[in-house]
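> coordinates only, sequence not included:
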Ligand SMILES: NC(=O)c1ccc[n+]([C@@H]2O[C@H](COP(=O)([O-])OP(=O)(O)OC[C@H]3O[C@@H](n4cnc5c(N)ncnc54)[C@H](OP(=O)(O)O)[C@@H]3O)[C@@H](O)[C@H]2O)c1
């Protein structure tokens, strides 16, 4: 089978198409092209595409609704189905961040959509059992690290090729329990706090590596939010966080490699 060596964008009217040049040439020495394919992958395509991870509940669900309400196309990811009304073209893909196979299968499905990503928001997260550190089982340690840190990182690397769109933004939900500048306060919850500090580190490291390619990588500390994880006493509403996330993505607020809280840069 011949290999794709170049993709050429063409427009017929306003409709984007691409054609693929293969490695073979014809008898005259001219490159052989596959037929034109209609696509949304054209960087000039108008509808923006957000991938929201952890969109079935809490902050992620509010974020997915905010983007869908602003006519972005939303691909939502979580284990259970997300409910975000909006464009008919909204898609849900099942993913379990504890499983690398599941992450790769979800990334394959996203790549099959044939569309670049304008914004990816990592909202998925789990809390660990409330036990002293010396009683935390290795299984529970691994689970909280996998969902909050390893899974989001693997997904980002899997989707790197879809994020290479000028102005693409990655927003990682981290939190005060992983901030060294706040003294890593919180008591207990060592696995969760380590995972969030690690996701801050991933944010900064990827910002340095991917920033020069035009990708903004930003961490967001949402504060204490009323969700299944945050509980009903929390002062902040998930909708407030969703507006912050949307502003970061759509208005370009926040420099590459920063940590934001209430839309202001703060210390890690
Ligand atoms: N709420 C707060 O006060 C607060 C404070 C600071 C930081 N944060 C962070 O903000 C983010 C959102 O928190 P939240 O309060 O909205 O939490 P939440 O209400 O518990 O929602 C968590 C989301 O993560 C998904 N998720 C959990 N395990 C998963 C897995 N194995 N694979 C894929 N998805 C999984 C859940 O969907 P499924 O169960 O359907 O998979 C759900 O959509 C988290 O990263 C959290 O750490 C929250």
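Alright, I've got the coordinates. As the structure is a computational prediction, the values presented were derived from the model and not from experiment. Numbers count the residues shown, from 1 in each chain.
> average model confidence for the longest helix anywhere in the chain?
Longest helix in the chain, counting residues (DSSP state H): helix 190-210. The pLDDT scores in helix 190-210 average 97.
> so residue 233 is in which element?
In the assignment (DSSP states H and E), residue 233 maps to no helix and no strand.
> what about the residue nearest to it when sequence neighbours are not counted, distance to residue 218?
In this structure, residue 233 finds its nearest non-sequential neighbour in residue 226, 7.9 Å apart by C-beta to C-beta, 6 or more residues apart in numbering. For every residue, glycine as well, the C-beta is placed using N, CA and C. Noted for residue 226: a distance of 23 Å to residue 218, by C-beta to C-beta, to the nearest Å.
> do residue 55 as well
For residue 55 relative to residue 218 (C-beta to C-beta), the value is 18 Å.
> with neighbour numbers in mind, choose between the two.
residue 55 (33 against 23; other C-beta atoms under 10 Å).
> pretty sure that one sits in a helix.
No - membership of residue 55 in a helix is not supported by DSSP: H, G, I helix; E, B strand; the rest coil, which gives coil.
> and the longest helix of the chain, what other elements does it pack with?
Helix 190-210 sits against helix 138-145, helix 151-158, strand 169-173, strand 216-220, with contacts defined as 3 or more C-beta pairs under 8 Å, 6 or more residues apart in numbering; DSSP states H and E.
> the ligand contacts on this structure?
54-60, 78-80, 95-98, 123-126, 147, 173, 175, 222, 224-225, 227-230, 234 (C-beta under 6 Å from any ligand atom).
> hmm, back to that, run through who's touching the longest helix of the chain.
122, 127-128, 133, 136, 140-141, 144-145, 147-149, 152-153, 156, 160, 163, 170, 172, 174-175, 177-180, 184, 186, 215-219, 256-257, 259, 268 (C-beta atoms under 8 Å, 6 or more residues apart in numbering).
> next, the buried residues of that helix.
Residues of helix 190-210 classed as buried: 190-200, 202-204, 206-207, 210 (neighbour count, 16 or more other C-beta atoms under 10 Å).
> among the residues of the chain next to the ligand, which are located in helices?
58-60.
> which of those residues sits closest to the ligand?
Nearest to the ligand among those: residue 58, at 2.2 Å, using C-beta to the nearest ligand atom.
> show me which of the residues of the chain next to the ligand are buried.
54-60, 78, 95-98, 123-126, 147, 173, 175, 222, 225, 227, 230.
> and the closest residue to residue 213 other than its chain neighbours, how many neighbours?
Closest residue to residue 213 apart from its sequence neighbours, by C-beta to C-beta, 6+ apart: residue 164 at 6.1 Å. A count of nearby residues for residue 164, using other C-beta under 10 Å, gives 15.
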